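A.B. asks: Mind folding the following:
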Amino acid sequence: MINSSNCLHLNPKVENLLKLCRTLKQLHQCHSQLITSGRISNGFNQSSVFANILFAITSISPSLSNSVSTSASNVVVRYASSVFKCITNPSTFCFNTIIRVYTLHAPSLSPHRFFVQMRRRSVPPDFHTFPFVFKACAKNNGSLTFAKTLHCQALRFGLLSDLFTLNTLIRVYSLDTSVDSALQLLDENPQRDVVTYNVLIDGLVKAREVVR
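C.D. replies: Take a look at the predicted model:
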């Protein structure tokens, strides 16, 4: 999971203020205070502040938006998208964060498109990237083709050795009833844990092939 230590350094008071935000309204108020106090200025500091605001959005509980309406979730991701666009040369951390926000609040809005943008900008993925994008695929029916493309990318960057990445990919294949692909993935990777088997068994049950 992405943690706050990955955020760009800010004034401790600003960081603490952002950490306290648990609703979009609170975050908007904090954002306004940063503007009126002059803490958001041109240059590196501006991108630093926006990167931290973007990270703060991940602290907003999806249930707080999803329980109200789909439009409330869309407000969250629109705000996140506008903040992301204000970041000059977004880093791997920034791309991971925007993908995570979309996956949490509006997975149907294709959060994996940010992965495509990330690669077009030659921003390298890390061990956080693929689990977030795979989770987005798992929440979207019909994303199996893209998941297979991501599978190749994860292999290319040597990130399938990470158990969290492996388990989320197995979940994608299992949910899409691609049990053979999930089993092959398991056979090719000696690293596995209880979660790996639980995900696979769940997929086999859903595909009614548990007798395997």
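
A.B. asks: Pull the residues that contact stretch 49-57.
C.D. replies: Identification of contacts with stretch 49-57 by C-beta atoms under 8 Å, 6 or more residues apart in numbering yields 2, 4, 6-8, 10, 14-15, 18-19, 21, 24, 27, 30-31, 34, 39-40, 76, 79-80, 83-84, 86-87, 90-91, 93-94, 97-98, 101. For the C-beta atoms, the positions are set from N, CA and C on the backbone; glycine is no exception.

A.B. asks: residues touching residue 127, list them.
C.D. replies: Under the criterion of C-beta under 8 Å, 6+ apart, the neighbours of residue 127 are 159, 162, 164, 165.

A.B. asks: how about low-confidence regions in this protein?
C.D. replies: Scanning the chain for pLDDT under 70 picks out 1-11, 41-44, 63-70, 141-142, 176-177, 207-212.

A.B. asks: Tell me which stretches of it form helices.
C.D. replies: Taking DSSP state H, the helices of the chain run over residues 12-19, 24-36, 44-57, 62-66, 70-85, 92-105, 113-120, 129-138, 144-156, 163-175, 179-188, 194-206.

A.B. asks: out of those helices, deepest packed?
C.D. replies: Ranked by mean neighbour count, the helices of the chain are led by helix 129-138 with a mean of 26 (mean count of other C-beta atoms under 10 Å).

A.B. asks: who touches that helix?
C.D. replies: 92, 95-96, 99-100, 102-103, 107, 110-112, 115, 118, 143-144, 146-147, 150, 153-154, 159, 162, 164-165, 168-169, 171-172, 175.

A.B. asks: where's residue 53 relative to residue 101, distance?
C.D. replies: 11 Å (C-beta to C-beta, to the nearest Å).

A.B. asks: I should have written residue 36 there, sorry.
C.D. replies: Residue 36 sits 25 Å away from residue 101, taking C-beta to C-beta as the criterion.

A.B. asks: Next: residue 153.
C.D. replies: Separation of residue 153 from residue 101 (C-beta to C-beta): 21 Å.

A.B. asks: Ok, residue 111 next?
C.D. replies: Separation of residue 111 from residue 101 (C-beta to C-beta) stands at 8 Å.

A.B. asks: swap in residue 127?
C.D. replies: Going from residue 127 to residue 101 by C-beta to C-beta gives 19 Å.

A.B. asks: go on, residue 34?
C.D. replies: 19 Å.

A.B. asks: and if you look at residue 144?
C.D. replies: Distance, residue 144 to residue 101, using C-beta to C-beta: 23 Å.

A.B. asks: any idea how the protein splits into domains?
C.D. replies: In terms of domains, the chain is parsed into 1-124, 127-212 (source: automatic domain parsing).

A.B. asks: residue nearest the centroid of the protein?
C.D. replies: For the chain, the residue nearest the mean C-alpha position is residue 100 (2.2 Å; C-alpha atoms, centre = their mean).

A.B. asks: Identify the spatial nearest neighbour of it, chain neighbours not counted.
C.D. replies: With sequence-adjacent residues excluded and distances taken as C-beta to C-beta, 6 or more residues apart in numbering, residue 100 is closest to residue 132, at 4.9 Å.

A.B. asks: Verify the contact between residue 157 and residue 125 for me.
C.D. replies: Yes: under the criterion of C-beta atoms under 8 Å, residue 157 makes contact with residue 125 at 5.9 Å.

A.B. asks: quick one, which of those two is more surrounded?
C.D. replies: Just comparing residue 157 and residue 125: by other C-beta atoms under 10 Å the higher neighbour count belongs to residue 125, 22 against 15.
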